Every structure is written in C-alpha cells, then in structure tokens.
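Novice: predicted model and sequence follow; I will ask about them next.
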Amino acid sequence: MKTSVVFLLCLSVFPGLSQGRVVGEGETGFAECNVFFPGQFPPEGFTEPFHVKICQQYNKEPRFATLYSTKDKIPLYSAFKYTKPAQNEEENWLVEPQIDDPENDLQEMVHEADIVGTVTNLGANQALTSDYAGSGYERGLLNPSLLNEEDFQMATYTLTNAVPLSPSLSKSWHRDIRKVVEQALVPHCSKKDHLYLLAGAIPSSVRVKGKVSVPETLWLAACCDAPEGWSLGLVKKMNDENSLEDLTVGELEKQLLAGVQLFKGNCGEDNQSQEKTEAIMQAVSQIRSGEQVGTSDNQEAKGSGWVRRVAGIIAAPFIKLLELLIYVFVELVKFVFYFLWLVIKRVGGTVLDGVYSLWTGLISYLKAISMVLISIPYDVGRVIVNIFLGFLQIIQDVASLTYRILSIPVGFVLHLAAFPYHFICAIPSVLKDMATGIGGTFSLVIDATAALLHGFYYLAGHIVKRFVPKGSSDD
C-alpha cells in the first residue's frame, strides 16, 4: 500500500474532511447524491430492509452514491460520474459508524482504529479491515479510484465501496473498467458531465470468514444522458478474469433482482443511435482483444524478467522496513497532535468552565443586590403606611370605646332623674281618670235604674190600658 504522509497528517488533524452520510428513510432517493443519477432518479427495485443508502462525501461535498447490503456486508452498487484519470493511488480506508450504530453521534466516515470500543456492534452490518486480513482477498473498489481525481478519489477508499476480490481479479477489473470508460465510453458521449456510471456486484453464498459475501459477478452500467444518448452494460464473471461481456442494460437488469430498473426510461435505449452503439461495441471488443494479447505478452515478459524479480525480492525487506518507519513516524505525529489537542481541550475547557461559573456568579450577585436595592424604598414606604394606618385604627378604637363607656351612665342618670317628675305629673291625671271613671260608673247605674223603672212604668201602664175596661172609669 502506498501512503501519503501529508494526507494522513491532514486527515488526522482534520478528521471531518471525509464524510459518508446514511440517508434517512424520510429523504427522497439519495438526498444530495441524487445528482449522480440521470434525471436524479436512482435505480428502482432494490427495496430489501437491509439495503442502506449512503451519500459518500468528502470536504463536505457529495462525491458518489452507494447502496449497501448489511446482510452481505458489501455494496450492491456505487453510482458516480467520470472526472478524469487519477494522478496517484493514495489509499486511506474508512468505515461508516452509522451502519452499525444509527444512534451514535458520528455523522462521518472515520478510521476503524479511532472508533473501536466507542461504536456499538461495530462490524455487525459492515465489513472491517480485519475481515480481509489473511483471507487472500483484496478490498476491490466498485467505484474505482483510478477513474477519479483529488477529492473524488479520496472518497472512494471506504469499506462501503469495497467487495472481496482476488488480487488478480481486482487488477483485471480495474484495468478493464478504466480502459472501457476512457477509450470506449467517454469519447462517444457528447457531454462528459452527462455520462452516468453504475458499478455493482451480485452477492454469492461464499463468505469471507463467514461474514463478507464474495460477489459471483461484477457489472457496469453506463448511460450517456445527452442528445443521441445511449446506454450499455458490461459483466465480468468471477470464475474468468479475462471475461468481459457487453450487453444491453435491459439484459443486464434481468441478471439482477426481479423488478430492477437501473435507469429511468432506460436512458434512451429504445431510441439510441445505432451507429454510436456499434462504435462503442467495436471499441469494447478491441479493448477485450487487447487485454488477452497483453496478458500473453506480460506472461512472456515475466518469464524473461527473473532478474527484476530477484532484485524485487531483495529490496522487499528494505521497502517494508521503510514503510514501517513511515508508519511509526505517522502514528507518533498523530499521537503528538492528539495529545496536544487533548491538553488544549482539557485546559481550555477548564478555563472556560471557570470563567463561565465566575461570570454566572457575578451576574447572580449583581441581580440579587439590584433587587434588594430596588425593594428598599418600596418596603420603607409600605412600613410607614402600615404604621400610619395602625395609628389611625388605634385612635378609632379608643374613641369608639370611650363613647360606648360614657354613653351608658349618661342615659341611665337622665332616665333616673326624670322619673320623679314623670311620677308626680302623672298623679293628677290618674286621679282625674279615676274620678271620671267612678262618676261615670254612678251615672251609668243611675241611668240604668231610671231606664228600668221607666220600663216597668211603661209596662204597667200598657197592661192597665189593655185589661181594665173603659166603662169602669165612667162610673
């Protein structure tokens, strides 16, 4: 592995440069990574619950999109655009923490060694570096780094973009894809920015260390979404490194899951230019023939180049030693930077906490003093008013009590003093009333007796007149 010391130092100091965001269920397609699909429509038909959409980012910009299978622990496809051939082959492998632990706070891809013990179930849903170690397989990139430059290339080195490939097959796949894209596809697409590429893998039942699925087939689908556009499919079987079958996108979709549609509207497959299609097929055929010849020539060159192999064997220990020294130096520098960052963080955090506590206490003290000073005049005025009101209440109570005490004897004395006068004055009236009563009584008796005698006299006269004859009176 070739390693850039400067790149590693920068990534150690600024780990947030590389990001891979797991797209939420409520977001449309691959969110901001929809730009890597024609018309911003991702493939349809990949609907299993263990399919995870990842928007691969670097320097806070989307670089390509990946559909990852947590069941097979490999990507099913990566969607990208051709930029231009890479100038170097720096490798810096990262993992995506959110695939294994959706509740963690890490929103970006990180080095596996930096999160061991901090991410729950790390490796439960994705492949790790340890799964490839000593297995005889390499981490083959679906989106090849050789077709990308600068930041786009850096973003490809994630285990969510890698599948287990034998060293020879990985080399053959990347060589084939690079030649096909650069020599057959790009020259026949009038707008390079409209050349959309899908590189995928079909999982098999073969597992690396019982976890990571070894693909049975690798495939590439290309779409030139431009006037006189076209689409093309390529397939490479795992059991034949030199195979490279070209076919239509519709034929490729039949080899994938049922109901899969890679490009919305088939990318003009029904109306594509026959001449361009034949030219592309001829270019692919020439590349395929050139590969086979090149393979034979390489074998002859290897047979005649034993001196270089011996020299390589002798130089290998020194190269390994140099790589080890560079690795130790890089790790030491990383440790120093991490230690300094930790010290600054702790000291700065302590100072900031102290300043914050002091400021909070000062604000609370000033607030309390202000409230007390403001409340003093109010409290004094309230006390004075209460004292005055109390004094008035006391005067009122004393006056009322005095009045009640004095009003009782005065009335009694007045009534007592007036009693003899009223008594003496009442005697003549009483005697008069008594005399009047007695006189009235005697008068009533006399009147009654007279009336009775008059009555008897009248009765006797009436009887005499009625029964005594008038003649007797003449005699």
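Specialist: Arrived safely, thanks for sending.

Novice: could you measure from residue 426 over to residue 435?
Specialist: According to Cβ to Cβ, to the nearest Å, residue 426 stands 15 Å off from residue 435. The C-beta positions use only the backbone N, C-alpha and C, and glycine is treated the same way.

Novice: what of residue 131?
Specialist: Noted for residue 131: a distance of 147 Å to residue 435, by Cβ to Cβ.

Novice: who has more neighbours, the two?
Specialist: Remark: of residue 131 and residue 435, residue 131 carries more neighbours, 21 against 10, as counted by other Cβ atoms under 10 Å.

Novice: dump the residue contacts of that one.
Specialist: Neighbour list for residue 131: 73, 123, 208-209, 211-212 [criterion: Cβ atoms under 8 Å, 6 or more residues apart in numbering].

Novice: can you pick out the ones from those that are in helices?
Specialist: Among the contacts of residue 131, no residue falls in helices (DSSP state H).

Novice: which members of the residues you listed are the farthest-apart pair?
Specialist: Maximum pairwise distance in the contacts of residue 131, criterion Cβ to Cβ, is 12.6 Å, between 123 and 208.

Novice: host element of the nearest residue to residue 247 once chain neighbours are set aside?
Specialist: Excluding its sequence neighbours, the residue lying closest to residue 247 (Cβ to Cβ, 6 or more residues apart in numbering) is residue 233, at 4.8 Å. Here residue 233 sits within strand 230-237, counting by DSSP states H and E.

Novice: what average pLDDT does that strand get?
Specialist: For strand 230-237, the mean pLDDT works out to 88.

Novice: parallel or antiparallel, which strands does it pair with?
Specialist: strand 217-224 (antiparallel), strand 245-247 (antiparallel) (DSSP bridges).

Novice: those strands: lowest mean pLDDT?
Specialist: Among those, strand 245-247 carries the lowest mean pLDDT (a mean of 87).

Novice: using CSV, write out every CA atom in whichever helix or strand comes after that strand.
Specialist: With elements assigned by DSSP H and E, the helix or strand that comes after strand 245-247 is helix 249-254. The C-alpha trace of helix 249-254 is given here as CSV (Å, rounded to 0.1, in the frame of the first residue of the first chain):
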residue,chain,number,x,y,z
VAL,A,249,-29.0,-2.5,-19.9
GLY,A,250,-32.2,-4.4,-20.2
GLU,A,251,-30.3,-7.7,-20.5
LEU,A,252,-28.2,-6.7,-17.5
GLU,A,253,-31.3,-5.9,-15.4
LYS,A,254,-32.6,-9.5,-16.0
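
Novice: residue 27: neighbour count?
Specialist: Around residue 27 there are 13 residues (other Cβ under 10 Å).

Novice: tell me how far it lies from residue 160.
Specialist: Using Cβ to Cβ, we find residue 27 at a distance of 18 Å from residue 160.

Novice: same check, this time on residue 126
Specialist: Where residue 160 is concerned, residue 126 sits at a distance of 6 Å (Cβ to Cβ).

Novice: wait, isn't residue 77 in contact with residue 69?
Specialist: No - with contact defined as Cβ atoms under 8 Å, residue 77 and residue 69 do not form a contacting pair (10.0 Å).

Novice: neighbour count: the two, which is higher?
Specialist: Neighbours were counted for residue 77 and for residue 69 using other Cβ under 10 Å; residue 77 has more, 23 against 19.

Novice: from the middle of its chain, how far away would the strand holding residue 233 be?
Specialist: Between the centre of strand 230-237 and the centre of its chain there are 41 Å (Cα atoms, centre = their mean, to the nearest Å).

Novice: same check on stretch 69-89?
Specialist: With Cα atoms, centre = their mean as the basis, stretch 69-89 stands 29 Å off its chain's centre.

Novice: mind checking the pLDDT average for it?
Specialist: Averaged over stretch 69-89, pLDDT sits at 82.

Novice: what do you get for stretch 316-336?
Specialist: 85.
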